[in-house]
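sequence first, then the predicted structure, then my questions.
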Amino acid sequence: MADTPDTRTPAQIEADIRRRRERLAETLDEIGVRVHPKTIVGDAKARVASNIDHTLGRAYVGVNRVVTDVRGQLVGEDGAPRLERIVPVALVVVGVVGLLALSARRRKD
């Protein structure tokens, strides 16, 4: 490159220098925006919000799947409750609640 003579005119050289300065100024402005604390904080907030949304979405799908499975066990295909399954579950729930209430009452005394 140093061996070939530059055939540009001084005006062309000045125009090239001006364009390069403008591009450099734009690049420096972009870097300034990227490293500005508000930009960094905003990007971090956006990443956290995105992760939370993703996690909540996955949790919702998981809970929905469990509820659907439980409903499938307790409700027949026709929509009628399956009493042969609901009654034992209800008895277990009542028993657990009773034990918890009894335990809480004993702690107070």
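Great, that's in hand.

which SSE is the residue positioned nearest the centre of the chain in?
Residue closest to the mean C-alpha point of the chain, counted by Cα atoms, centre = their mean, is Asn51 at 2.1 Å. Asn51 is located in helix 37-74, with elements delineated by DSSP states H and E.

whichever helix or strand comes after that helix - contacts with which helices or strands?
Using DSSP H and E, the next helix or strand after helix 37-74 towards the C-terminus is helix 83-108. Packing partners of helix 83-108 (3 or more Cβ pairs under 8 Å, 6 or more residues apart in numbering; DSSP states H and E): helix 37-74. The C-beta positions use only the backbone N, C-alpha and C, and glycine is treated the same way.

quick one, the helix it packs on and helix 83-108 angle?
120 degrees (axes from the mean of the first three to the mean of the last three Cα atoms, to 10 degrees).

state the mean pLDDT of helix 37-74.
Across helix 37-74, the average pLDDT comes to 92.

centre of the chain versus stretch 68-81, how much separation?
33 Å (Cα atoms, centre = their mean, to the nearest Å).

what comes into contact with it?
Arg82, Arg85, Ile86, Val89 (Cβ atoms under 8 Å, 6 or more residues apart in numbering).

tell me the one among those nearest to Glu22.
Val89 (73.6 Å; Cβ to Cβ).

run a quick neighbour tally on the closest one.
With neighbours defined by other Cβ atoms under 10 Å, the count for Val89 comes to 12.

domain parsing for this structure?
10-74, 82-109 (automatic domain parsing).

how long is the first one end to end?
If I follow you right, that is domain 10-74. Criterion Cα to Cα, to the nearest Å; first-to-last residue distance in domain 10-74 is 88 Å.

just give the number of residues close to Leu74.
Going by other Cβ under 10 Å, the residues that sit close to Leu74 add up to 13.

what do you get for Val70?
11.
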